[in-house]
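Novice: coords below, sequence missing:
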């Protein structure tokens with residue numbers, strides 16, 4: 001092999017190794033490290049007398065189909081009414097969202113009606129100073145919290161070192177209402193548990209997390225993944241810990257179609273690349289385990305689309321000469337891509353069909369990350385979010 005061949009082969013095997021590490025090696029490593037060096041957090045006991053004032057903040061844009069159910073769910077939370085307020089920040093809604101929220105004013109629900117649509121980050125920046133609670137629970141308009149969720153999240157703040165607490169989001173099938181957690185979602189929840197044991201949890205679920213009001217600092221108006229950035233910026237500034245509580249549960253419907261899910265993933269991908277510029281200090285090795293988890297779980301994962309492209313390009317370049325290994329490897333890559341396309345037209349199933357869906361999920365996720373990268377690079381992904389259509393709306397549009 002020439003020196004050029006050696007360089008291309010090195011590129012091929014490096015790309016393959018990084019992909020395998022990001023999706024398989026890191027989970028095994030973080031599991032082992034969490035068992036060796038981590039410890040399960042001791043769940044604090046919180047009495048009625050110790051419950052702090054809490055504000056539940058819901059940022060909403062054109063949520064007339066969901067907001068009433070969301071408010072009823074929020075008002076059914078098991079938390080003393082005199083210490084719990086529900087606040088809706090309407091981001092320039094043009095439908096009946098604000099009117100519906102006002103109907104609940106006599107039950108203590110407050111509306112912050114921002115006439116100009118500016119994006120969720122701007123809503124949060126404007127709303128936080130208006131909140132009365134010491135602890136702020138953040139949630140989405142299409143999320144339903146279990147009644148005990150607020151108590152479960154709040155109990156951790158007895159420890160002054162805790163700055164934010166992330167709950168567990170359970171995905172439900174929009175048609176049946178049953179648990180629809182995919183293998184990937186279970187995989188991500190597993191990683192959260194392991195990282196939590198090491199005190200290196202990364203960000204939160206926007207559907208259910210809590211933060212001390214005093215730790216919130218305004219974020220740039222174009223911030224895309226606010227639930228990732230807000231807790232980690234608090235950690236960068238103050239060194240506070242972020243806790244994962246799997247007992248604090250929220251439920252949310254999965255997107256009703258592949259297109260909606262792809263758009264959501266590409267938006268999150270754009271937000272991930274954007275967040276590196278805000279959170280690069282977390283890569284300082286002196287920050288301990290969080291530097292390792294941020295690099296391995298997030299940055300390398302976000303770079304996997306480029307590793308896949310490098311793998312394919314270097315594989316093609318290595319076809320010259322008598323190298324049957326690389327021909328078989330290229331055949332494997334092309335076959336996996338074709339299988340992913342096929343899986344998009346195959347209903348979910350078991351055995352081989354489930355493997356097809358897994359291949360499709362992997363390919364689709366990396367394609368969405370690649371689209372997200374270009375949207376971030378060219379500045380076409382804005383902070384103002386586009387609502388994901390719910391099943392009821394999709395059915396209504398189809399009729």
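Specialist: That came through, no problem. For clarity, every value in this text was computed on a predicted model and none was experimentally measured.
Novice: any idea which strand is longest in this structure?
Specialist: strand 241-253 (DSSP state E).
Novice: Buried residues, that strand. List them.
Specialist: Applying a neighbour-count criterion of 16 or more other C-beta atoms under 10 Å, one finds 241, 242, 243, 244, 245, 248, 249, 250, 251, 252, 253 buried in strand 241-253. Quick note: C-beta positions are derived from backbone N, CA and C, even for glycine.
Novice: my read: residue 150 touches residue 53, true?
Specialist: No: using C-beta atoms under 8 Å as the test, residue 150 is too far from residue 53 to be in contact (11.4 Å).
Novice: So which of those two has more stuff around it?
Specialist: Higher neighbour count among residue 150 and residue 53: residue 150, with 25 against 16, using other C-beta atoms under 10 Å.
Novice: how much space is there between that one and residue 157?
Specialist: Noted for residue 150: a distance of 11 Å to residue 157, by C-beta to C-beta, to the nearest Å.
Novice: Can you get me a residue count around the closest residue to residue 215 other than its chain neighbours?
Specialist: Nearest residue to residue 215 in three dimensions, chain neighbours excluded: residue 234, at 4.3 Å (C-beta to C-beta, 6 or more residues apart in numbering). As a burial measure, residue 234 scores 20 neighbours (other C-beta under 10 Å).
Novice: Pull up the gap between residue 234 and residue 285, please.
Specialist: Taken as C-beta to C-beta, the span from residue 234 to residue 285 is 21 Å.
Novice: Equivalent analysis for residue 247, please.
Specialist: The value you get for residue 247 to residue 285, if C-beta to C-beta is used, is 33 Å.
Novice: who does residue 138 bridge with?
Specialist: Counting by DSSP bridges, residue 138 is bridged to residue 57, residue 209.
Novice: how far away is it from residue 150?
Specialist: 12 Å.
Novice: Now do the strands in the stretch 51-200 of the chain.
Specialist: 54-60, 84-91, 109-114, 135-139, 143-145, 162-172 (DSSP state E, counting those that start in this stretch).
Novice: Make TSV out of those strands and add mean neighbour count.
Specialist: TSV is the format used below for these (neighbours: other C-beta atoms under 10 Å):
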stretch	mean neighbour count
strand 54-60	25
strand 84-91	24
strand 109-114	18
strand 135-139	26
strand 143-145	23
strand 162-172	23
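Novice: Output the ones you listed in JSON lines; the columns should cover mean pLDDT.
Specialist: Shown next, in JSON lines, are the strands of the stretch 51-200 of the chain (pLDDT from 0 to 100):
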{"stretch": "strand 54-60", "mean pLDDT": "96"}
{"stretch": "strand 84-91", "mean pLDDT": "96"}
{"stretch": "strand 109-114", "mean pLDDT": "96"}
{"stretch": "strand 135-139", "mean pLDDT": "96"}
{"stretch": "strand 143-145", "mean pLDDT": "95"}
{"stretch": "strand 162-172", "mean pLDDT": "91"}
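Novice: Ok, which of the ones you listed comes nearest residue 227?
Specialist: Residue 227 lies closest to strand 135-139 among the strands of the stretch 51-200 of the chain, at 7.1 Å (C-beta to C-beta).
Novice: Residue 367: helix or strand, and which one exactly?
Specialist: helix 352-378 (DSSP states H and E).
Novice: list the helices and strands the longest strand of the chain packs on?
Specialist: strand 143-145, helix 149-154, strand 162-172, helix 183-197, helix 226-238 (3 or more C-beta pairs under 8 Å, 6 or more residues apart in numbering; DSSP states H and E).
Novice: one more time with 7 Å, if that's ok
Specialist: Under the contact definition 3 or more C-beta pairs under 7 Å, 6 or more residues apart in numbering; DSSP states H and E, strand 241-253 sits against strand 143-145, helix 149-154, strand 162-172, helix 183-197.
Novice: residue contacts, residue 367?
Specialist: Contacts for residue 367 (C-beta atoms under 7 Å, 6 or more residues apart in numbering) come out as none.
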